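>>> Please find the sequence and the predicted model below.
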Amino acid sequence: MTFEKFCWMLETSKLYHARLDQFDDPFEGAVTNEYARLRDKGVVEPYFTLKYYEPWTLRISRLRSYATCWHASEHESDSQWKLYASGGAGIAVVSTLERLQQSVDFLPHIHGILGQVEYVDFEHHDMRRHPFGTPMRPGLLKRKSFEHEREVRGVVLTELNKPQLELDEPFIAKLKDEMPCGITAKINLRELILAIVTSPIAAPFVKELVGIVTKRHGLDHLVRESQLRGTPMY
């Protein structure tokens, strides 16, 4: 993440979750084309509700679902640094699934799931994997083209203020305006963070700033330099 986002996380003890439609991929929160074809032909039973209502249900769920995204790997990723912290003032926060489960409190929301993103062929995959029965699965489903991200997500499904009996485009547009673009979840910083890694191209003053900010929160002992900055041997 950028240094600004890192400072915000430390100062607020919160983890930001973006609404699914705020990500660049327009297929966020969608089902596969093959599943939709089989459902509409009556070959498979809809997973969520009646066949007519399911597309509406999924579009509504997309506007109720919020995600925090992590890269899952035992090693640093040069591409992730370039994508999310290219300016040299980037920070990588290292954690584990167990630490995420223990440290994140998404109340007052009652539906949350943490898991690896499933990368599938949206044209041919029929989504017949069990158990499927959760409206949150599309939030953990992406196309094969994004497989390099090796993503783990925490997804929170929020409640609507009131039920909607008429499902139509005006309601979707209204919901899009009413639902926040992002929500936050309280976190225990000491439980969440295993290590804090500075960018491989970070300037000395950036490292100094990171030290100042983390010391204020008793986390300065977790800071280390990127391993990509090591000295080559010949």
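Received the coordinates, thanks.

>>> so where is the chain shaky, pLDDT-wise?
Applying pLDDT under 70 to the chain picks out residues 129-135, 162-165.

>>> For it, which segments count as strands?
14-19, 65-71, 91-94, 104-105, 111-116, 118-120, 141-143, 151-157, 182-187, 195-198, 223-225 (DSSP state E).

>>> Let me see the ranges of the helices in the chain.
Ranges of helices within the chain are 3-12, 33-41, 54-64, 78-84, 97-103, 169-178, 189-192, 204-216, based on DSSP state H.

>>> Adding distance to residue 34 and mean neighbour count, write the strands of the chain out as a markdown table.
For every residue, glycine as well, the C-beta is placed using N, CA and C. Output for the strands of the chain, formatted as a markdown table (distance: least, C-beta to C-beta, whole Å; neighbours: other C-beta atoms under 10 Å):
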| stretch | distance to residue 34 | mean neighbour count |
| --- | --- | --- |
| strand 14-19 | 26 | 20 |
| strand 65-71 | 22 | 22 |
| strand 91-94 | 36 | 20 |
| strand 104-105 | 34 | 18 |
| strand 111-116 | 21 | 16 |
| strand 118-120 | 9 | 17 |
| strand 141-143 | 12 | 19 |
| strand 151-157 | 22 | 21 |
| strand 182-187 | 32 | 17 |
| strand 195-198 | 40 | 20 |
| strand 223-225 | 45 | 14 |
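
>>> Pipe those strands into TSV and attach distance to residue 6 per row.
Below are the strands of the chain laid out as TSV (distance: least, C-beta to C-beta, whole Å):
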stretch	distance to residue 6
strand 14-19	11
strand 65-71	14
strand 91-94	4
strand 104-105	17
strand 111-116	21
strand 118-120	28
strand 141-143	25
strand 151-157	18
strand 182-187	13
strand 195-198	8
strand 223-225	11
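
>>> Of those, which is nearest residue 27?
Closest of these to residue 27 is strand 141-143, at 6.0 Å (criterion: C-beta to C-beta).

>>> mind checking which of the strands of the chain is nearest residue 174?
strand 14-19 (14.9 Å).

>>> before we move on, the earlier item: rebuild the helices of the chain as JSON lines, extending it with distance to residue 225 and mean neighbour count.
Listed next are the helices of the chain as JSON lines, based on distance: least, C-beta to C-beta, whole Å; neighbours: other C-beta under 10 Å:
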{"stretch": "helix 3-12", "distance to residue 225": "15", "mean neighbour count": "16"}
{"stretch": "helix 33-41", "distance to residue 225": "45", "mean neighbour count": "16"}
{"stretch": "helix 54-64", "distance to residue 225": "39", "mean neighbour count": "19"}
{"stretch": "helix 78-84", "distance to residue 225": "13", "mean neighbour count": "14"}
{"stretch": "helix 97-103", "distance to residue 225": "22", "mean neighbour count": "15"}
{"stretch": "helix 169-178", "distance to residue 225": "43", "mean neighbour count": "12"}
{"stretch": "helix 189-192", "distance to residue 225": "21", "mean neighbour count": "16"}
{"stretch": "helix 204-216", "distance to residue 225": "8", "mean neighbour count": "14"}
